[in-house]
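Colleague: With the sequence up front, the predicted model follows.
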Amino acid sequence: MIKEKIADLRRQALEVVKEARLSKDLAELRIKYLGKSGEITSLLKGMREVPSDERPMVGKLVNDLREAIENAIGSKENQLKAGETEERLKKETIDVTLPGIKLKQGGLHPVNLVRNELIEAFSGLGFKVFEGPEIELDYYNFKQLNIPDDHPARDMQDTFYINEGILLRTQTSAGQIRCMEKEKPPIKVLSPGRVYRSDYDATHSPMFHQMEGLVVDKGITLCDLKGVLEAVCKKVFAPDVKTRLRPSYFPFTEPSVEIDVSCSECGGKGCSLCKGTGWIEILGAGMVNRVVLENCGVDPDVYSGFAFGLGLERIAMLKYGIPDIRYLFDNDIRFLKQF
Ligand code: PHE
């Protein structure tokens, strides 16, 4: 009887192994037949009922069966694995003749190009970068710059207030005060950053970028201001560019000037870009007002300084011939691609 059972099991097992399609099915069959509580084990448990003189013979049959099943599963496994590998290789083939996917390369925004170029030019003259916050106190943006409450100069800049005493800075000049509070002269810093004013047309944007410069040391004069800015303008615009100072007014500088460069379009003869004057205004500047130095604890009888502030968009527009400031903020790739 047990012999028949063994024969049945053999037929059945070899049949299902033959039918298996996946190697994971074989793993299950291995457990079912050869595992700890599998069919072979239960056959061996039945050995107790076999008469003792038949046991060696039956034992050999069971062993043969185990070996047969092991071999069947083993060779089927090899066969399936080879097929599966072949299939995977077929599925994962790469057509190396297909054209590649082109990655679009980004570029620097024209405002950043100008910013970097200016930082490089000024760094060569020994300036280092000092950055202040965009959300600023009235104290730094106005009061310490000699612009008290109700001063008419506040109307020069339409301010976005956050609440009383806190605002979006209207000028990087706020950084002058922060820098002088922190550092003792000699000071030679450049302070680039975003500024905000409630203003919007072809040459004004509610957010734009300025770059402030501040030099404080013994014996600084207006000649130093002119020399430094002339050197930078020659580097950024053209080696033969001329500069001139025109009197102006800012509460935090005295005297105050506006600096013009000779028109790059007409070379000074007069055209529509320079409105017939031959000159283009590029920045405001002046000698740091004694009051401002005193506010920051710097003795104006020992030290003097100059400061300047320029608009990066304005420089970019002049340099690249951009007619409307809003092109710079539209994020139109057709525009940005040109730089
Ligand atoms: N802060 C001034 C402005 O925004 C520019 C300026 C800076 C003028 C430093 C003089 C000195 O118009």
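Modeller: Now that the structure is in, tell me what you want to look at. In this text the structure is predicted, and so the values were computed from the model without any measurement.
Colleague: switch to C-alpha atoms for all contacts and neighbour counts from now on
Modeller: Will do.
Colleague: CA-only coordinates of the strand or helix carrying Cys233, as PDB, when you get a sec.
Modeller: Using DSSP states H and E, the element containing Cys233 is helix 222-236. Taking C-alpha atoms only, helix 222-236 is exported to PDB below (Å, rounded to 0.1, in the frame of the first residue of the first chain):
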ATOM      1  CA  LEU A 222      34.900 113.600  -3.800                       C
ATOM      2  CA  CYS A 223      37.900 112.800  -6.000                       C
ATOM      3  CA  ASP A 224      38.000 109.300  -4.600                       C
ATOM      4  CA  LEU A 225      34.300 108.900  -5.500                       C
ATOM      5  CA  LYS A 226      34.900 110.000  -9.000                       C
ATOM      6  CA  GLY A 227      38.000 107.900  -9.500                       C
ATOM      7  CA  VAL A 228      36.400 104.700  -8.200                       C
ATOM      8  CA  LEU A 229      33.200 105.100 -10.300                       C
ATOM      9  CA  GLU A 230      35.100 106.100 -13.400                       C
ATOM     10  CA  ALA A 231      37.200 103.000 -13.200                       C
ATOM     11  CA  VAL A 232      34.200 100.800 -12.700                       C
ATOM     12  CA  CYS A 233      32.200 102.500 -15.600                       C
ATOM     13  CA  LYS A 234      35.100 102.000 -18.000                       C
ATOM     14  CA  LYS A 235      35.100  98.300 -17.100                       C
ATOM     15  CA  VAL A 236      31.300  97.800 -17.300                       C
END
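Colleague: mind listing what Asn146 touches?
Modeller: By CA atoms under 8 Å, 6 or more residues apart in numbering, Asn146 lies in contact with Pro251, Phe252, Val291, Val292.
Colleague: The closest residue to the last one other than its chain neighbours: neighbour count?
Modeller: Once its chain neighbours are removed from consideration, Val292 has its nearest residue in Leu145; the separation is 5.8 Å (CA to CA, 6 or more residues apart in numbering). By the measure other CA atoms under 10 Å, the count of residues near Leu145 is 25.
Colleague: Relative to Lys218, how far out is Leu145?
Modeller: Distance from Leu145 to Lys218, counting by CA to CA, to the nearest Å: 21 Å.
Colleague: I figured Ile40 hits Arg66, correct?
Modeller: Yes. Judged on CA atoms under 8 Å, Ile40 makes contact with Arg66 at a distance of 7.0 Å.
Colleague: Can you check which residues contact both of those two?
Modeller: Leu34.
Colleague: Please identify which of the two sits among more neighbours.
Modeller: Ile40 (21 against 18).
Colleague: element containing the more buried one, please.
Modeller: Here Ile40 sits within helix 39-45, counting by DSSP H and E.
Colleague: I'd like the mean pLDDT over that helix, please.
Modeller: Helix 39-45 shows a mean pLDDT of 84.
Colleague: If you count contacts, what does the helix or strand following that helix end up packed against?
Modeller: Elements were assigned by DSSP H and E; along the chain past helix 39-45, the next helix or strand is helix 55-91. Contacts defined by 3 or more CA pairs under 8 Å, 6 or more residues apart in numbering; DSSP states H and E place helix 55-91 against helix 2-19, helix 23-34, helix 39-45.
Colleague: who wins for proximity to the ligand among those helices?
Modeller: Using CA to the nearest ligand atom as the measure, helix 23-34 is the one of those that comes nearest the ligand, at 74.7 Å.
Colleague: And that closest one, how far out from the chain middle?
Modeller: 54 Å (CA atoms, centre = their mean, to the nearest Å).
Colleague: How about stretch 74-92?
Modeller: Using CA atoms, centre = their mean, the offset of stretch 74-92 from its chain centre is 46 Å.
Colleague: burial of the closest residue to Cys266 other than its chain neighbours, as a residue count?
Modeller: Spatial nearest neighbour of Cys266, chain neighbours left out: Gly278 (7.1 Å); criterion: CA to CA, 6+ apart. Number of residues near Gly278 (other CA under 10 Å) recorded here: 20.
Colleague: And Gly278, how close does it get to Ser262?
Modeller: To Ser262, Gly278 is 6 Å away according to CA to CA.
Colleague: ok, Leu214 to Gln176 distance?
Modeller: For Leu214, the distance to Gln176 - CA to CA - is 7 Å.
Colleague: Please say which of those two ends up with more neighbours.
Modeller: For the pair Leu214 and Gln176, the greater number of neighbours falls to Gln176 (28 against 25), based on other CA under 10 Å.
Colleague: List the buried residues for whichever strand or helix holds the more buried one?
Modeller: Element membership of Gln176 [criterion: DSSP H and E] is helix 174-182. Going by neighbour count (16 or more other CA atoms under 10 Å), the buried part of helix 174-182 is Ala174, Gly175, Gln176, Ile177, Arg178, Cys179, Met180.
Colleague: Name the surrounding residues that touch that helix.
Modeller: Under the criterion CA under 8 Å, 6+ apart, residues 130-132, 136, 140-142, 144-145, 187, 191, 212, 214, 292, 296-298 lie in contact with helix 174-182.
Colleague: Name the next helix or strand following it along the chain.
Modeller: Going down the chain from helix 174-182, the next helix or strand is strand 187-196, by DSSP H and E.
Colleague: So which elements touch that following strand?
Modeller: Using 3+ CA pairs under 8 Å, 6+ apart: strand 187-196 touches helix 110-123, strand 128-129, strand 207-217.
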